[in-house]
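> curious how this folds, go ahead:
(2 chains)
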Amino acid sequence: MQFENFTIAEIQQGLRARSFTAAEITRATLHFAEAHNPATNAYLLLSPERAIAQAEAVDRKLAQGEDPGPLAGVPVAVKDVILTKGLRTTCASKLLEHFIPPYDATAVIRLEQAGGVIIGKTNCDEFAMGSSNENSAFGPVRNPVALDRVPGGSSGGSAAVVAQGTATVSLGSDTGGSIRQPASFCGVVGVTPTYGRVSRYGLVAFASSLDHIGPFARTVRDAAILLEVISGADPLDSTSAAAPVPHYADSLDRNLKGVRLGIPKEYFKDATGETAALVLRAIEVLREEGCDVREISLPSTDYAIDCYYVLSTAEASSNLARYDGVRYTVRSPHSDTLSHMFSNTRGESFGAEVKRRIMLGTYVLSHGYYDAYYKKAQQVRSLITQDFKRAFEEVDAIVAPVSPFPAFRLGEKLDDPLQMYLSDIYTVTGSLAGIPCMSVPCGRTGDNLPVGLQILCNHFDEAGMFRIADAFERVVR
Amino acid sequence: MSLTEEDVRYVATLANLNLSAEEIPQLVRNLGEILAHMDRLSEIATEGVEPMAQVLYDAPETATLRDDVVRTPLGSEAALQNAPLSAPGYFKVPLVIER
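All right, here's what the predicted structure looks like:
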């Protein structure tokens, strides 16, 4: 039996009807992944032992009439920046090539408690830094929709496995667009929840004030189910939010009558080409479904990309200082003193993009530049957040493109870091404000490349966001 | 904003990052370009705007405090298990005082 197109609901029905067992789904998915992974390089590691043990535990619960949980038997892939106890976690870096985490991330514990089966760890840009997944020390991921194209980044592997069917759902991480952009490039659903909605405990830190864990799925409903499982306060992450987690399924299967939708004119300034046309058509669909569509303005948008790259690299330069050759598996053998060991280990093991960001971050924090870059960017972050706050006084949600263009060819932007950074212009804003945002597929270009529609809502209004995404998905499917 | 090789070498020292002879001119070019773009930040008026370090939303002041209960820590064995060089209870490193 093949399970690569199954939804979570279909798996739950099949398990309860005894049509198949969790162990059968797991073995079939592992075989399917083994056969198809060489084409995409989306998995860095498959975890058959842990997966089958977990599946058998689910089957035992089912046999004894216990509730095995909302993710029972569901094949889940986990981005390789999220810690899994005893399962190698590399951050796609040479520096952590042999790192075996001594504990699980909270999100991992929660999804396994809900019956989810971890199939493997997915490839990504090194330390989640990149927009194309070409910065992995273990080779790029290829987009399963078009193998000569990038899957987007940094969670390219997590998007690709869901698109390919080698997992039903997956976990990614988003700092400036790393879930939404690959979701749009691979034609799947990707959700960046409110900052603090999901515990960051066990997520390897890139930029702590911007990092989020979030789900990928083939349907809005599946993304909502996975998000609900992993959300909620965690005593191990003091930035996790105490706000209660709603039952997101209650916001699905609703109509959109009276929903006030804002179209930020700054995101459509240069709205030409197929991506813009597909997004504009999606907005027409939402209008026909009953949304009250109006133009709004988010005036600080133009400065978001600069603000984001100042703050995220500054935080990264500090967070990545821990990789010094003392604690994490790799140490340069050519060092007679401690300070040489630090700088040689880092110089020999970090890839070009990680070095670039550490250098940028160190520069903007250094004496004489702190006020002009770092403090200024923090002030601009306030302005961007205030823009959204004002907008949500008059609209319930904002819709926009995810990316200015669909998946580009491997190598196309690799030599131009600035152009690569600019590809994040529509996603960094939501990350800076910490609001929930997501990408939902809204059609394909003439070259058959997927395009995503971005939906942004106010803090903790994931339910409102899912309501719109789900209604849209039902119309376009 | 023009960046020199000397600037790049200095920042690399601050970052404890050993760069090769080929990497330095490349970083001068890349970082120079990116910083020139970031200089646009000076165009936007921010007088009196509070710098934002963290996402904030309405919550009681004690919302992020956990219960004060004793938890079993990871333990030094687990904490040391990934170290390139260690002995029971500690990490081993090369010469610290360079004199």
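
> report the buried residues of the lengthiest helix in chain B.
Secondary structure assigned by DSSP state H gives helix B:23-38 as the longest helix of chain B. Across helix B:23-38, burial judged by 16 or more other C-beta atoms under 10 Å in any protein chain shown covers B:E23, B:Q26, B:L27, B:V28, B:N30, B:L31, B:G32, B:E33, B:I34, B:L35, B:H37, B:M38. All C-beta spots, glycine's among them, are computed from the backbone N, C-alpha and C.

> any idea how far the first one lies from B:I44?
When you say that, I think you mean B:E23. Look at B:E23 and B:I44: by C-beta to C-beta, to the nearest Å, they are 33 Å apart.

> what does the fifth one give?
When distances are taken as C-beta to C-beta, B:N30 and B:I44 turn out to be 24 Å apart.

> elements contacting the helix-or-strand element of chain A with minimal mean pLDDT?
Least confident helix or strand, chain A: helix A:417-422 with a mean of 91, by mean pLDDT, DSSP states H and E. Here helix A:417-422 touches helix A:304-319, helix B:23-38, going by 3 or more C-beta pairs under 8 Å, 6 or more residues apart in numbering or on different chains; DSSP states H and E.

> can you pull up the most central residue in the chain?
Chain wasn't specified; assuming chain A. In chain A, the centroid-proximal residue (C-alpha atoms, centre = their mean) is A:I179; its distance is 2.6 Å.

> not quite, I wanted chain B
Within chain B, and using C-alpha atoms, centre = their mean, the residue nearest to the centre is B:A15, at 8.2 Å.

> and that one, what's its pLDDT?
We have a pLDDT of 97 for B:A15.

> surely it is in contact with A:I358?
Yes - between B:A15 and A:I358 there is a contact under C-beta atoms under 8 Å: 5.1 Å.

> A:S209 against B:V55, yeah?
Yes - using C-beta under 8 Å, A:S209 is in contact with B:V55, at 6.8 Å.

> nearest residue to the residue sitting furthest away from the middle of chain A other than its sequence neighbours?
For chain A, the residue at maximal distance from the C-alpha centroid (C-alpha atoms, centre = their mean) is A:D336, at 40.9 Å. Leaving aside its sequence neighbours, A:D336 sits nearest to B:P94 (C-beta to C-beta, 6 or more residues apart in numbering or on different chains; 6.1 Å).

> for the one you found, give me its contacts.
A:S335, A:D336, A:T337, A:L338, A:H340, A:M341 (C-beta atoms under 8 Å, 6 or more residues apart in numbering or on different chains).

> in helices only, show me those residues.
In this view, those that belong to helices under DSSP H are A:L338, A:H340, A:M341.

> from A:R327, how far out is the last one?
Applying C-beta to C-beta, one obtains 12 Å for the distance of A:M341 from A:R327.

> do the second one as well
Summarising the geometry, the distance separating A:H340 from A:R327, computed by C-beta to C-beta, is 17 Å.

> ok but A:E266 is inside a strand, no?
No - judged by DSSP: H, G, I helix; E, B strand; the rest coil, A:E266 forms no part of a strand; its state is helix.

> near chain B, which residues of the stretch 1-150 of chain A?
Proximity of the stretch 1-150 of chain A to chain B, by C-beta under 8 Å from any C-beta of the partner chain, involves residues A:H98, A:F99, A:I100, A:P102, A:Y103.

> now do the SS call for the first one.
Applying three-state DSSP to A:H98 yields a three-state assignment of coil.

> try the last one
In the three-state summary, A:Y103 is assigned as coil, counting by three-state DSSP.

> quick one: residues contacting A:A400.
The neighbours of A:A400, taking C-beta under 8 Å, 6+ apart as the test, are A:I263, A:P264, A:Y267, A:F268, A:V279, A:Y426, A:Q454, A:L456.

> doesn't it fall inside a strand?
Yes - judged by three-state DSSP, A:A400 forms part of a strand.

> can you pull out the low-pLDDT segments for the chain?
Answering for chain A, as no chain was given. Along chain A, no part satisfies pLDDT under 70.

> wrong one, chain B
B:1, B:98-99.

> hang on, the earlier thing: show me which of the contacts of A:A400 is closest to chain B.
Checking the contacts of A:A400 against chain B by C-beta to the nearest C-beta gives A:L456 as the nearest, at 14.1 Å.
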